[in-house]
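Quick one, what's the 3D model for this:
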Amino acid sequence: MNYGEWAVAYRKDANRILKVIEKKRNLLNEKHLSPDARKLLNDSMTAYRRIYRELLHTSRLLKKRGERYHEA
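This is a model prediction of the structure:
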């Protein structure tokens, strides 16, 4: 696998994580949730957002590395 393919794979994983975040955000809109359940959802969304940002960052780094590798 080259850096470009690797970057695309990371981007796809980030998009999957984004879908999970959106589902959890929709769950937050439900009225019957207890405060504890809301806190757990918010905490898990925070963790997923962190993972999402890391995947995007890694994807960008791999893409740049691939561009440099092909330029040399």
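
mind checking the SS state of the residue sitting nearest the centre point of the chain?
In the chain, the centroid-proximal residue (Cα atoms, centre = their mean) is Tyr52; its distance is 2.0 Å. Secondary structure assignment for Tyr52 (DSSP: H, G, I helix; E, B strand; the rest coil): helix.

now that we're looking at it, which residues does it contact?
Contacts of Tyr52 were listed using Cβ atoms under 8 Å, 6 or more residues apart in numbering, and they are 14, 17-18, 21. Where C-beta positions appear, they are placed from N, C-alpha and C, glycine not excepted.

OK, contacts around the nearest residue to Asn42 once chain neighbours are set aside?
Of all residues not flanking Asn42 in the chain, Leu28 sits nearest, at 7.5 Å (Cβ to Cβ, 6 or more residues apart in numbering). When the contact criterion is Cβ under 8 Å, 6+ apart, the partners of Leu28 are 38, 41-42, 45.

tell me which of the residues you listed is nearest to Trp6?
Comparing the contacts of Leu28 against Trp6 with Cβ to Cβ picks out Met45 as the nearest, at 26.8 Å.

Pretty sure that closest one sits against Lys24.
Yes: with contact defined as Cβ atoms under 8 Å, Met45 reaches Lys24; the gap is 5.0 Å.

So for these two, which residue has more residues nearby?
Met45 (19 against 15; other Cβ atoms under 10 Å).

Provide the secondary structure category for that one.
Under three-state DSSP, Met45 falls in the helix class.
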